[in-house]
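> just a sequence and a predicted model for now, questions to come.
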Amino acid sequence: MFRYFTMILLSASSMVQAQITFQKTYGGIEEEDANAFVETYDHGFMIAGSTKSYGAGNYDLYIIRTDQYGNPIWTKTFGGTGYDKSADIIKTDVAEYLIAAFSSTASDANIYLVKIDDNGDTLWTKTIGTEDNDHVTRIKKTDDGGFVLCGYIERYFEYKYLIWKFSSTGDSVWAKTYNFGWAQDIDQTNDGGYMMVVYPYANLTPVQDFQLVKTNYMGDTLWTKFYGGPDIEIAYAGEQVTGGGYIIAGRTNSFGNGASDFYLINTNESGDLSWDKTFGGDLDDRAFSMMQTSDGGFILGGYTASFNVGYFDFYMVRTNSNGDTLWTKTYGGEWQEMIYDIKETSDGGFAAVGYTNSFGAGNNPNIYFVKTDASGLITDIDDPTDGFPEDFKLYQNYPNPFNPSTKIRFTIPQNVRQETKNVSLKIYDILGSEIATLVNEEKIAGRYEIEFNSESSIKQPASGIYFYQLKAGDFIQTRKMIYMK
């Protein structure tokens, strides 16, 4: 057996990164998830989620303000005794935010709008809607300082999609509904009108295609286009791109490699198809969020069952402006993770939010928030601090999945002894057989990094799940990693 590794004792100053990365969970012992987030003026984040662990009712809005490392500064709940579920959040000013949600608390209105400041204090709230079930899916700021939302109205399994324009103070300007379906996303276009991504649905008979609707500035339809194949396509995200065309992302069962794949299409300004791309493997892979990046490419987020560690995992796909893959990454544990919102961040990295069943408090879903660098990597390093670490800790390897090498970090605290008990770091296969020993000696307090090369350490490395375990006295911690050829 051959071993290859590099060990570096890291000082705190050497760990300061140009692009901060982390993985965080938020929530209690009941259920939490998050549909959207925005970056704040100080490079922190405002996350719009929903909670059953806290608040006044069945579900309540759960808003989390974090610093740039994902650490909570404050959390607030909004809602009543009914079912209140967040859908989206936008930044309306430097330090003001607007949350759009569904609420069953008010009997005569289902769309719930909450405007807050940077401290989470309420500036105003509105409940709007009809006597039917009104749902909001996305909200966007408009050029006149107001905002527009899209969604749908449901009555006896009849669905009409909705576009609603508001002033900056939340007063209704106009509203339009259309047969049939529900609007998944909206974006204001260069001519002052709007584009909407719609899932067509009527009388339990959906049209199985992407639908792109272009309107004028009053929400009146100018044209509608459909895209897809003989099987199912569902669009979840769309926007106007540089040059005036449109980009739409979702899932397809007609094309690609497996049961369903990420599906990305690009059109010209008239809605004519320019190109389409699929991303995924043999099983289900579905994209729920997408945006154009600062270099003209695209970042997509959803879930994968094809390249997962567990049931479903966060799945990010990064492309160039032609939709060609630059990299793909997965994040998660042995159970289920899904991305509902993904964005490029001001430092050139990416952030994604959704939920996890693998990590967090209790046995129910918690909010899962991931911040990566420009390459989709998570170094999982805590905030830079002076001095030595305070606890033993084994970090998630990065990159993960990897081929052929990956790095493993761990810390030894100063509060044990300057010369600790024997420290070991070993690699095991999925059957529990030891395949490599990376460390087996006494170590002083500090931060360490090991580079593990699978091809040098394993005679015939096979794709799959491996485990690495740190032991130091009574401390034992094990993590999973995945090797992909």
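Structure's in. What do you need? Numbers count the residues shown, from 1 in each chain.
> from here on, contacts and neighbour counts on C-alpha atoms
Noted.
> low-confidence stretches in the stretch 351-485 of the chain?
Where the stretch 351-485 of the chain drops to pLDDT under 70, the residues are 362, 380-390, 414-421, 457-460, 485.
> could I get the full set of strands for it?
Remark: strands assigned in the stretch 351-485 of the chain by DSSP state E, counting those that start in this stretch are 366-372, 393-394, 405-412, 419-428, 434-444, 446-453, 464-472, 475-483.
> name the stretch among the ones you listed that sits most buried.
Among the strands of the stretch 351-485 of the chain, strand 366-372 has the highest mean neighbour count (mean count of other Cα atoms under 10 Å), at a mean of 26.
> next one: that one to chain centre, how far?
Distance, stretch centre to chain centre, for strand 366-372: 7 Å (Cα atoms, centre = their mean, to the nearest Å).
> cool, stretch 292-309 as well?
On Cα atoms, centre = their mean, the centre of stretch 292-309 falls 9 Å from the chain's centre.
> can you check stretch 366-382 too?
Its chain's average C-alpha position is 10 Å from that of stretch 366-382, according to Cα atoms, centre = their mean.
> got it, and stretch 466-473?
29 Å.
> try stretch 40-48
14 Å.
> let me have the strands of the stretch 351-485 of the chain in CSV, adding distance to residue 253 as columns.
Formatted as CSV, the strands of the stretch 351-485 of the chain follow (distance: least, Cα to Cα, whole Å):
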stretch, distance to residue 253
strand 366-372, 27
strand 393-394, 40
strand 405-412, 34
strand 419-428, 37
strand 434-444, 40
strand 446-453, 37
strand 464-472, 26
strand 475-483, 27
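> nearest to residue 182, of those strands?
Among the strands of the stretch 351-485 of the chain, strand 366-372 comes nearest to residue 182, with 25.7 Å by Cα to Cα.
> partner strands of the closest one and their direction?
Sheet pairing for strand 366-372, assigned by DSSP bridges, gives strand 22-26 (antiparallel), strand 350-356 (antiparallel).
> which of these sits most buried?
strand 350-356 (a mean of 28).
> give me the beta-bridge partners of the one residue sitting closest to the centre of the chain?
For the chain, the residue nearest the mean C-alpha position is residue 352 (2.7 Å; Cα atoms, centre = their mean). Under DSSP bridges, the beta-bridge partners of residue 352 are residue 342, residue 370.
> and for residue 325?
residue 319.
> what's around it, how many residues?
Number of residues near residue 325 (other Cα atoms under 10 Å) recorded here: 17.
> likewise for residue 101?
Residue 101, neighbours per other Cα under 10 Å, totals 28.
> just to check, it is in contact with residue 83?
No - Residue 101 lies out of contact with residue 83 (Cα atoms under 8 Å); the separation is 10.2 Å.
> picking that back up, out of the strands paired with strand 366-372, which is closest to residue 115?
That would be strand 350-356 among the strands paired with strand 366-372, by Cα to Cα, at 20.8 Å.
> contacts for that closest one next, please.
25, 32-37, 301, 332, 335-345, 365-374, 376 (Cα atoms under 8 Å, 6 or more residues apart in numbering).
> any stretches of the stretch 151-300 of the chain with poor pLDDT?
Those would be 202-206, if you go by pLDDT under 70 across the stretch 151-300 of the chain.
> measure the nearest residue to residue 168 once chain neighbours are set aside to residue 256 for me?
Leaving aside its sequence neighbours, residue 168 sits nearest to residue 146 (Cα to Cα, 6 or more residues apart in numbering; 4.0 Å). Relative to residue 256, residue 146 is positioned 40 Å away (Cα to Cα, to the nearest Å).
> can you check residue 474 too?
In terms of Cα to Cα, residue 474 sits 49 Å off from residue 256.
> do residue 229 as well
11 Å.
> re earlier: just the buried members of the contacts of strand 350-356?
For the contacts of strand 350-356, a burial check counting by 16 or more other Cα atoms under 10 Å picks out 25, 32-37, 301, 332, 336-345, 365-374, 376.
> what residues are up against the residue nearest to residue 320 when sequence neighbours are not counted?
Once flanking residues are discounted, residue 320 sits nearest to residue 297: 4.1 Å by Cα to Cα, 6+ apart. By Cα under 8 Å, 6+ apart, residue 297 lies in contact with 318-323.
> which of those tops the neighbour count?
residue 318 (22 neighbours).
> nearest spatial neighbour of that residue, chain-adjacent residues omitted?
Residue 318 sits nearest to residue 299 (Cα to Cα, 6+ apart), 4.7 Å away.
> which elements pack onto whichever strand or helix holds that neighbour?
Element membership of residue 299, judged by DSSP states H and E, is strand 298-304. The elements that strand 298-304 packs onto, with contact taken as 3 or more Cα pairs under 8 Å, 6 or more residues apart in numbering; DSSP states H and E, are strand 285-292, strand 313-319, strand 337-344.
> and of these, who's closest to residue 449?
So among the helices and strands packed on strand 298-304, strand 313-319 is nearest, using Cα to Cα, at 25.4 Å.
> what angle do strand 285-292 and that closest one make with each other?
Angle, strand 313-319 to strand 285-292, by axes from the mean of the first three to the mean of the last three Cα atoms, to 10 degrees: 50 degrees.
> which outside residues touch strand 313-319?
Residues beyond strand 313-319 that count as contacts (Cα under 8 Å, 6+ apart) turn out to be 279, 297-305, 307, 325-333, 335-339, 376.
> still on that earlier bit, nearest to residue 247, of the strands of the stretch 351-485 of the chain?
Nearest to residue 247 among the strands of the stretch 351-485 of the chain is strand 366-372; the distance by Cα to Cα comes to 23.4 Å.
> nearest residue to residue 249 in space, please, no chain neighbours.
Per Cα to Cα, 6+ apart, closest to residue 249 is residue 264, 4.5 Å.
> the one you found: what's it in contact with?
Per Cα under 8 Å, 6+ apart, neighbours of residue 264: 247-250, 276-278, 323.
> helix, strand, or coil at residue 91?
strand (DSSP: H, G, I helix; E, B strand; the rest coil).
> distance from the chain centre to stretch 260-276, please.
For stretch 260-276, the distance to the chain centre is 22 Å (Cα atoms, centre = their mean).
> residue 85 touches residue 101, doesn't it?
Yes - between residue 85 and residue 101 there is a contact at 5.5 Å, judged by Cα under 8 Å.
> residue 253: how many residues sit nearby?
23.
> which phi and psi does it have?
phi -110, psi 0 (degrees, to the nearest 10).
> identify the residue nearest it in space, chain neighbours excluded?
Per Cα to Cα, 6+ apart, closest to residue 253 is residue 260, 4.5 Å.
> so that neighbour is in contact with residue 283, correct?
Yes - counting by Cα under 8 Å, residue 260 touches residue 283, with 6.7 Å between them.
> more neighbours: which of those two?
residue 260 (29 against 15).
> how about residue 49, secondary structure?
strand.
> partner residues bridging it?
In beta-bridge terms (that is, DSSP bridges), residue 49 pairs with residue 34, residue 62.
> measure it to residue 425 for me?
38 Å.
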